[in-house]
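Trainee: Structure for this input, please:
(chains A and B)
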Amino acid sequence: MFDVLDMGASGLKAQRTRLDVIAQNILNADTTRSADGKVEPYRRKFATLVSGRSAGEPNKPGVHVGKVESDKAPYVPKFEPGHPDADKNGMVMYPNVDLSVEFVNAIEASRAYEANVNLMDVTKQMMSSTLRLIA
Amino acid sequence: MFIDRLINQGNAPLLEQWMRFTEERHRLIAQNVVNISTPGYKPVDLDEGKFTAMLRDRADARRNAAPGRVRFDDIGGEASNAEHGILFHDGQNRSMEQLMTDQAKNALMHNMVVELLRRQFSSLEAALKERVS
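Mentor: Residues are numbered from 1 along each chain as shown, chains lettered A, B, ... in the order given. Below is the predicted model of the structure:
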């Protein structure tokens, strides 16, 4: 039963990383420049979850974040001729982040996180119930 | 020999197998919960109906056999893909509601089995001590 707690911990870690990535997408929903100041809109990222406790332990049951990849969907053009990052046609390229999608994903990730917490609670309670046999 | 007969004649061996079953099922449900967002993951579960049928058959066989001849050690569940839920675009057929229900039902069953086993042990203890505690 102890390994179920490790499994739950792997789920918590994976869902927390997923939430971190979603938070990063929401924060950068309007970012049109890269860290070095170049005109390069932020590209949406997503965490891909892979079954298995960790990359080094694929046969142990659990879950881990396999990769954090960039979304290849096109940027969103907006007509804003006064914007400093506008091209010669007055178009500004905005990140390919859809806030509605991110919020839905955030709710899903936080519910999955809660489910993992609940799972660990139930496991603890089942273990203590089993221990009553020898108490 | 006497102790072995004493412990293996009542409901204890059935309850012991049932406890193993609920623990194994809990492990599989946990696996399904942690992989709720893993693309392509197919939930696995144990069939409670099949397990209880096997247990019932073995209990019936024991009733007609000589004491100690019928054992329960080899009864277990067989893990298979759970068929509930709709198929999502990522190849998952996740159902959080079903998982939570299964988890709660299984935990309750486990607690009930543990409690029955505990009572059986305490009545055995009382019989051995020849006084009710």
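Trainee: so does the strand or helix carrying residue A:19 get close to chain B?
Mentor: Residue A:19 is part of helix A:2-27, with elements assigned from DSSP states H and E. Yes. Contact of helix A:2-27 with chain B (CB under 8 Å from any CB of the partner chain) involves A:3, A:4, A:7, A:8, A:10, A:11, A:14, A:15, A:18. No exception for glycine: its C-beta is placed from N, CA and C like everyone else's.
Trainee: From the contact counts, what lies against the lengthiest helix in chain A?
Mentor: When chain A is parsed with DSSP state H, its longest helix is helix A:99-131. When contacts are defined as 3 or more CB pairs under 8 Å, 6 or more residues apart in numbering or on different chains; DSSP states H and E, helix A:99-131 sits against helix A:2-27, helix B:12-34, helix B:96-129.
Trainee: Check which residues of that helix are buried.
Mentor: Residues of helix A:99-131 classed as buried: A:102, A:105-106, A:108-109, A:112-113, A:115-116, A:119-120, A:122-123, A:126-127, A:129-130 (neighbour count, 16 or more other CB atoms under 10 Å in any protein chain shown).
Trainee: and after the helix holding residue A:19, which helix or strand comes next?
Mentor: strand A:45-51.
Trainee: got the angle for that following strand vs helix A:99-131?
Mentor: Inter-element angle recorded for strand A:45-51 and helix A:99-131: 30 degrees (by axes from the mean of the first three to the mean of the last three CA atoms, to 10 degrees).
Trainee: Let's see strand A:45-51 as PDB, backbone CA atoms only.
Mentor: C-alpha atoms of strand A:45-51 as PDB (Å, rounded to 0.1, in the frame of the first residue of the first chain):
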ATOM      1  CA  LYS A  45       3.600  25.700 -24.100                       C
ATOM      2  CA  PHE A  46       2.000  22.500 -22.800                       C
ATOM      3  CA  ALA A  47       3.200  19.700 -20.600                       C
ATOM      4  CA  THR A  48       2.800  16.200 -21.900                       C
ATOM      5  CA  LEU A  49       2.200  13.600 -19.200                       C
ATOM      6  CA  VAL A  50       3.600  10.100 -19.500                       C
ATOM      7  CA  SER A  51       2.700   7.000 -17.600                       C
END
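Trainee: What strands line up against that strand, and which way round?
Mentor: Strands that pair with strand A:45-51, judged by DSSP bridges, come out as strand A:63-70 (antiparallel).
Trainee: Number of residues surrounding residue A:83?
Mentor: 14 (other CB atoms under 10 Å in any protein chain shown).
Trainee: Confirm it sits in a strand?
Mentor: No. Under DSSP: H, G, I helix; E, B strand; the rest coil, residue A:83 falls outside any strand and is assigned coil.
Trainee: what sits against the nearest residue to it once chain neighbours are set aside?
Mentor: In space, residue A:83 comes closest to residue A:92 once its chain neighbours are excluded; the distance is 4.6 Å by CB to CB, 6 or more residues apart in numbering or on different chains. Residues near residue A:92 by CB atoms under 8 Å, 6 or more residues apart in numbering or on different chains: A:32, A:77, A:78, A:79, A:80, A:83, A:85, A:86.
Trainee: same thing with residue B:118?
Mentor: Here residue B:118 is in contact with A:132, A:133 (CB under 8 Å, 6+ apart).
Trainee: where does it land on pLDDT?
Mentor: Per-residue confidence at residue B:118 stands at 88 (pLDDT).
Trainee: Narrow the residues of helix A:2-27 next to chain B to just the buried residues.
Mentor: A:4, A:7, A:8, A:10, A:11, A:14, A:15, A:18.
Trainee: returning to what we had before: now the residues of helix A:2-27 next to chain B as TSV including pLDDT?
Mentor: Output for the residues of helix A:2-27 next to chain B, formatted as TSV (pLDDT from 0 to 100):
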residue	pLDDT
A:3	86
A:4	90
A:7	92
A:8	93
A:10	92
A:11	93
A:14	93
A:15	94
A:18	94
